[in-house]
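Colleague: for reference, the sequence and a predicted model appear below.
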Amino acid sequence: MRLEARLEPSRAMMVAAPLLAVAATLAAGGLLFAALGFDPLAALFTFFVSPLGDLTGVSEWLLKATPLALIAIGLALGFRGNVWNIGAEGQLTMGAVAAGGTALALYEASGFWVLPLVLTAGVLGGAAYAALPAVLRTRFHANEILTSLMLNYVAILVLAWLVHGPWRSPEGYNFPETRMFTDAALLPALIEGTRLHVGALFVPVVALVVWAVLSRSFLGFQIKVIGLTPAAGSYAGFSPNRVIWFSLLVGGGLAGLAGAMEVCGPIGQLVPSVSPGYGYTAIIAAFLGRSHPLGIVLAALLLALTYLGGDAAQIALAVPLAVIQVFQGMILFFLLAADVLIRYRVRFSARVQTGGTR
Amino acid sequence: MSLMRRASLAALLALALGGIGRVQAAEPLKVGFVYVGPIGDYGYSYQHDQGRLAVEKAFGDKVKTTYVENVPEGADAERVIRELAATGHKLIFSTSFGFMNATAKVAKQYPDVKFEHATGYQRGPNLATYMARFYESRFPAGIAAGRLTKTHKLGYIAPFPIPEMVRSINAFALAARSVDPQAEVRVVWVNSWYDPGKEREAAEALIAQGVDVVAQQSDSAAPVQAAERAGVWAIGQASDMTRFGPRAQLTSCMEIWSGYYIDRVRAVLDGTWKPDDTWEGFNKDMVRLAPFNPAIPPAVKAEAEKAEAEIRAKTRHPFAGPIKDRSGKVRVPAGQTLSDAELLKMNWFVEGVVGSLPK
């Protein structure tokens, strides 16, 4: 059995691959749960269906998917243009810091303008932090994968220093947390009685704008050309530096917005850990969504559901977390493996075909 | 016709029997636990889970327990805690400081559910707090460490610079210096409750600096293993970590939650639960020392055990004056002790502690 490259990506497989992946996940997941003594149907139901059984569940699902989708869309813009920003976690953190700092500075203020200002600060904070790898790459040819990744740890330490030190709440018994933000700096609920906030509305807007930029604008064309063949891009006179700057600033800004919305949304203050690794999970979401805004939104929803499903399976069925993580890994594995079938076909002939080089 | 009647009779009978059955077997009390680490950390979360298992053993089918492990401190905690409340759990223990605001929020939404938050300070009509006096067990451990060190350098691997850690580090340093005035305690913050990789690196860095007793308050056994390899002493955290370093482990500062959890579950079953604020140590067996390593001199063991007995009996307080801070200023004059209120927000190191502390 071997893989053979297709002449062009299979349209049928583009539709069939995700379905195949879902079928394989359900089958393998069912076997995994059954082998460990859990009722496989109940486990799969708990994992994928029960979290969305009521309005609270759906709102929590969208809440969880929001930062993932925003960050991943920004990252995908760069991935298309061969700019590998692995620093979204740090950019998210710096966005949260900038937004949180603004919210604390405006502690006495109230008015409709506070929240937009706080969110803008978040965007700028994330973008400014992404400007560091952009400078290093365009001026000094330092690989942005390394620099952006390293800066993640720096950002987390900066946040830790602020909440343990200068920004620590005076009422908090010296615990590492800032004051709770005032209502003026908090995102209002989208659905009353849930934690889903109006920030979720950024997702469709951003997805649409990025899609338009990628598919309808000259800049999007440049990104794609430079991403596919940098040499062709430079013959055509496209500036690679412009693509680097653009994608890092937009990616950083969106990650910063996501960070701002976490601290002005469900968290409501700065604490040492504002993100459970959204910046890293978003990389998976970008790949899973094939760097297409719509695909990414779907991928973010799927990833968010696996977290909620994981909680539900622990609570309802006492499935250990390790098993849940294996299952989450399976989902990603099958999805990425099935994607191979779009560009390759499986041949079962034992004989190795000889012929020209491909 | 008669078939129909028989069928409906049977249905009626079944309904009646079902009804009786329901009355006889009372619904078990559902108790939820939220852990910050994996239960396999052999540290903090592991010990809380031992407490959960003790509850199951003590009450059998009168309770049903659930746990969610590795819950991040941040936006996710609130969802998990609410999910437990929404699925019929009537008593919920959230076991990490970072769950405090989330617990308080959910507690307001579910007034008929009882919540207990560990190590925080927010309370409410249905929200109790509990904590162990971890620093108490650090004191006798510090005496043994001070007696055994040859380099006068003790290491302390700690997660975050929060008052709980500062207290414990200070108690350890005061004890060590009470028997070895030259001793210094070098602190490394790992900025994580549980990170075996970072904890091992911290231990190796300390050992390379000449530290010959490695204490830790982070939750993995990695420092004990590193000490075992390097041939120095280690002081375990939360559970007895002997199996990870049979030669290295001097003792371990164990955290015991079983008794507390059993008491609180019984209070809910009896209807006597109140939103108390519990902060106990050796006296209520919430902290305990693992058996001392048999290789240590009997005199050292006896001295440490004497300190433990005195703290248990409240005849000795780890924070009895005179205590100087690192600038040499007397913070606690002779004849006085630090109050609980001062201990709760302690943010200064005593003399002899080396390491950064945010201002």
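Modeller: Yep, that arrived.
Colleague: just want the most central residue of chain B.
Modeller: Among the residues of chain B, the one closest to the centroid is B:Glu255, at 5.0 Å (Cα atoms, centre = their mean).
Colleague: show me the residues around it that make contact.
Modeller: Contacts for B:Glu255 (Cβ atoms under 8 Å, 6 or more residues apart in numbering or on different chains) come out as B:Tyr44, B:Gln47, B:Ala132, B:Phe134, B:Ala238, B:Ser239, B:Met286, B:Val287. To be clear about C-beta, it is placed using only N, CA and C from the backbone, and glycine gets the same treatment.
Colleague: those residues into JSON lines, with extra columns for neighbour count?
Modeller: Formatted as JSON lines, these follow (neighbours: other Cβ atoms under 10 Å in any protein chain shown):
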{"residue": "B:Tyr44", "neighbour count": "26"}
{"residue": "B:Gln47", "neighbour count": "22"}
{"residue": "B:Ala132", "neighbour count": "27"}
{"residue": "B:Phe134", "neighbour count": "21"}
{"residue": "B:Ala238", "neighbour count": "29"}
{"residue": "B:Ser239", "neighbour count": "23"}
{"residue": "B:Met286", "neighbour count": "24"}
{"residue": "B:Val287", "neighbour count": "24"}
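Colleague: filter the residues you listed down to just the ones in helices.
Modeller: B:Tyr44, B:Gln47, B:Phe134 (DSSP state H).
Colleague: mean confidence for stretch B:107-115?
Modeller: Across stretch B:107-115, pLDDT averages out at 96.
Colleague: hmm, it in reach of chain A?
Modeller: No - interface with chain A: stretch B:107-115 contributes nothing (Cβ under 8 Å from any Cβ of the partner chain), its closest point being 9.1 Å away.
Colleague: for that stretch, which residues meet the burial criterion?
Modeller: B:Ala107, B:Tyr110, B:Val113, B:Lys114, B:Phe115 (16 or more other Cβ atoms under 10 Å in any protein chain shown).
Colleague: okay, helices next: where are they in the stretch 1-150 of chain A?
Modeller: Along the stretch 1-150 of chain A, counting by DSSP state H, counting those that start in this stretch, helices occupy A:11-35, A:40-48, A:55-80, A:88-105, A:114-140, A:144-164.
Colleague: how about the secondary structure of the residue nearest in space to the middle of chain A?
Modeller: Centre of chain A computed as the mean C-alpha position; nearest residue by Cα atoms, centre = their mean is A:Ala282, 2.2 Å away. The three-state label given to A:Ala282 by DSSP: H, G, I helix; E, B strand; the rest coil is helix.
Colleague: hmm, back to that, okay, the residue nearest to the centre of chain B: pLDDT?
Modeller: Model confidence at B:Glu255 (pLDDT) stands at 94.
Colleague: is it bridged to anything, and to what?
Modeller: Taking DSSP bridges as the rule, B:Glu255 bridges to B:Val287.
Colleague: got phi/psi on the residue lying closest to B:Asn170 once chain neighbours are set aside?
Modeller: Using Cβ to Cβ, 6 or more residues apart in numbering or on different chains and skipping residues adjacent in sequence, the residue nearest B:Asn170 is B:Val350, 4.6 Å away. Phi and psi for B:Val350, reported as degrees, to the nearest 10, are phi -80, psi 170.
Colleague: hmm, back to that, please identify the most buried of the helices of the stretch 1-150 of chain A.
Modeller: Stretch with highest mean neighbour count among these: helix A:88-105 (a mean of 29; mean count of other Cβ atoms under 10 Å in any protein chain shown).
Colleague: what's the span of stretch A:82-90, first residue to last?
Modeller: Stretch A:82-90 has an end-to-end distance of 20 Å (Cα to Cα, to the nearest Å).
Colleague: give me the distance from that stretch to the chain's centre.
Modeller: Distance, stretch centre to chain centre, for stretch A:82-90: 11 Å (Cα atoms, centre = their mean, to the nearest Å).
Colleague: quick one: average pLDDT of it?
Modeller: Taken as a whole, stretch A:82-90 has a mean pLDDT of 95.
Colleague: contacts for it?
Modeller: Contacts of stretch A:82-90 (Cβ under 8 Å, 6+ apart): A:71, A:74-75, A:78, A:91, A:129-130, A:133, A:137, A:144-145, A:147-149, A:151-156, A:226-227, A:230, A:243-244, A:247-248, A:251-252, A:255, A:275, A:277-280, A:282-283.
Colleague: and those near chain B, which?
Modeller: A:Ile156, A:Ser275.
Colleague: after the worst-scoring helix or strand of chain B on mean pLDDT, next one along is what?
Modeller: Every helix and strand in chain B was compared by mean pLDDT, DSSP states H and E; the lowest is helix B:2-24, with a mean of 45. Remark: after helix B:2-24, the chain's next helix or strand is strand B:29-34, criterion DSSP states H and E.
Colleague: direction included, what does that following strand pair against?
Modeller: In the sheet, strand B:29-34 lines up against strand B:63-68 (parallel), strand B:91-94 (parallel) (DSSP bridges).
Colleague: for the longest one, output the C-alpha coordinates as PDB.
Modeller: The C-alpha trace of strand B:63-68 is given here as PDB (Å, rounded to 0.1, in the frame of the first residue of the first chain):
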ATOM      1  CA  VAL B  63     -22.800  10.000  48.600                       C
ATOM      2  CA  LYS B  64     -21.800  10.100  45.000                       C
ATOM      3  CA  THR B  65     -18.600  12.000  44.200                       C
ATOM      4  CA  THR B  66     -17.400  13.600  41.000                       C
ATOM      5  CA  TYR B  67     -14.100  15.200  40.200                       C
ATOM      6  CA  VAL B  68     -12.800  17.400  37.300                       C
END
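Colleague: the stretch 101-250 of chain A against chain B: which residues are in contact?
Modeller: A:156-157, A:160-161, A:164-166, A:168, A:173-176, A:180, A:195.
Colleague: mind running it again at 6 Å?
Modeller: Proximity of the stretch 101-250 of chain A to chain B is confined to A:Ala160, A:His164, A:Gly165, A:Tyr173, A:Asn174, A:Phe175 under the rule Cβ under 6 Å from any Cβ of the partner chain.
Colleague: residues near the closest residue in space to the first one that isn't next to it in sequence, how many?
Modeller: Which is A:Ala160. Leaving aside its chain neighbours, A:Ala160 sits nearest to A:Pro272 (5.1 Å; criterion: Cβ to Cβ, 6+ apart). For A:Pro272, the tally of surrounding residues (other Cβ atoms under 10 Å in any protein chain shown) stands at 23.
Colleague: would you confirm that A:Pro272 contacts A:Pro176?
Modeller: Yes - proximity of A:Pro272 to A:Pro176 meets the contact threshold set by Cβ atoms under 6 Å, at 5.2 Å.
Colleague: what is in contact with these two at once?
Modeller: Taking Cβ atoms under 6 Å, 6 or more residues apart in numbering or on different chains as the contact rule, A:Pro272 and A:Pro176 both touch A:Val163.
Colleague: show me the contacts for B:Cys253.
Modeller: B:Ser137, B:Arg138, B:Ala141.
Colleague: over to it: give its phi and psi.
Modeller: According to degrees, to the nearest 10, B:Cys253 has phi -90, psi 90.
Colleague: chain neighbours aside, what residue packs nearest to it?
Modeller: That would be B:Ser137: by Cβ to Cβ, 6+ apart, it lies 4.1 Å from B:Cys253.
Colleague: who are the packing partners of the host helix or strand of the one you found?
Modeller: Assigned by DSSP H and E, B:Ser137 belongs to helix B:134-148. Judged by 3 or more Cβ pairs under 6 Å, 6 or more residues apart in numbering or on different chains; DSSP states H and E, the packing partners of helix B:134-148 are helix B:163-179, strand B:249-255, strand B:287-289, helix B:298-312.
Colleague: where's the residue nearest to the centre of chain A relative to B:Met254, distance?
Modeller: 40 Å (Cβ to Cβ, to the nearest Å).
Colleague: ok, now A:Ser110?
Modeller: Relative to B:Met254, A:Ser110 is positioned 50 Å away (Cβ to Cβ).
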